[in-house]
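> all I have is the shape, not the residue letters:
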């Protein structure tokens, strides 16, 4: 497990917790796994997938009835992140307020991190 003992890797806002709980109930899943992968114009992208059970190496964050699993390779990139859920006139979706991000593309789908080496 990565991070500071006794401190969750991520926090979940009440709006995000409500949405995650709804998704878990409607789809019959145990929670959402969050990760990062290479891609996009800024170098990395967030990933989200339904899971039936956590991987033994996932960090599990449970808050307000929502369960989020953080993939092992993403833990150091997501530490300190707040997961929110926003609704606007044009779209609705999860937003990651991540203090580790150094740059993001215009659409907000692609990010780079402060400690990533340039390739």
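Looks like it came in fine. Quick caveat, the model's predicted, so the values are computed rather than measured. Residues are numbered from 1 along each chain as shown.

> average model confidence for the strand or helix carrying residue 11?
Element membership for residue 11 (DSSP states H and E) is strand 10-12. Model confidence over strand 10-12, given as mean pLDDT, is 93.

> again with stretch 70-85
The pLDDT scores in stretch 70-85 average 90.

> what is the helix or strand encompassing residue 69 packed up against?
Per DSSP H and E, residue 69 falls inside strand 66-70. Packing partners of strand 66-70 (3 or more C-beta pairs under 8 Å, 6 or more residues apart in numbering; DSSP states H and E): strand 10-12, helix 14-27, strand 31-38, strand 59-63. Every residue, glycine included, has its C-beta placed from N, CA and C.

> pairing partners for the last one, with directions?
Yep, that's strand 59-63 we're talking about. Strand 59-63 has its sheet partners listed here by DSSP bridges as strand 66-70 (antiparallel).

> for the next helix or strand after the partner strand, buried residues please.
Downstream of strand 66-70, the next assigned helix or strand under DSSP H and E is helix 75-78. For helix 75-78, a neighbour-count test (16 or more other C-beta atoms under 10 Å) marks 75, 77-78 as buried.

> nearest to residue 61 among the residues you listed?
Distance to residue 61 across those (C-beta to C-beta) is lowest for residue 78, with 9.8 Å.

> centroid-nearest residue for the chain?
For the chain, the residue sitting closest to the mean C-alpha position, by C-alpha atoms, centre = their mean, is residue 34 at 4.4 Å.

> winner for burial among the helices and strands packed on strand 66-70?
The highest mean neighbour count among the helices and strands packed on strand 66-70, using mean count of other C-beta atoms under 10 Å, belongs to strand 10-12: a mean of 22.

> which residues outside that one are in contact with it?
Contacts with strand 10-12, where a contact means C-beta atoms under 8 Å, 6 or more residues apart in numbering, come from 20, 34, 61, 63-64, 66, 68, 70, 78-83.

> go again with 6 Å.
61, 63, 66, 78, 81-83 (C-beta atoms under 6 Å, 6 or more residues apart in numbering).
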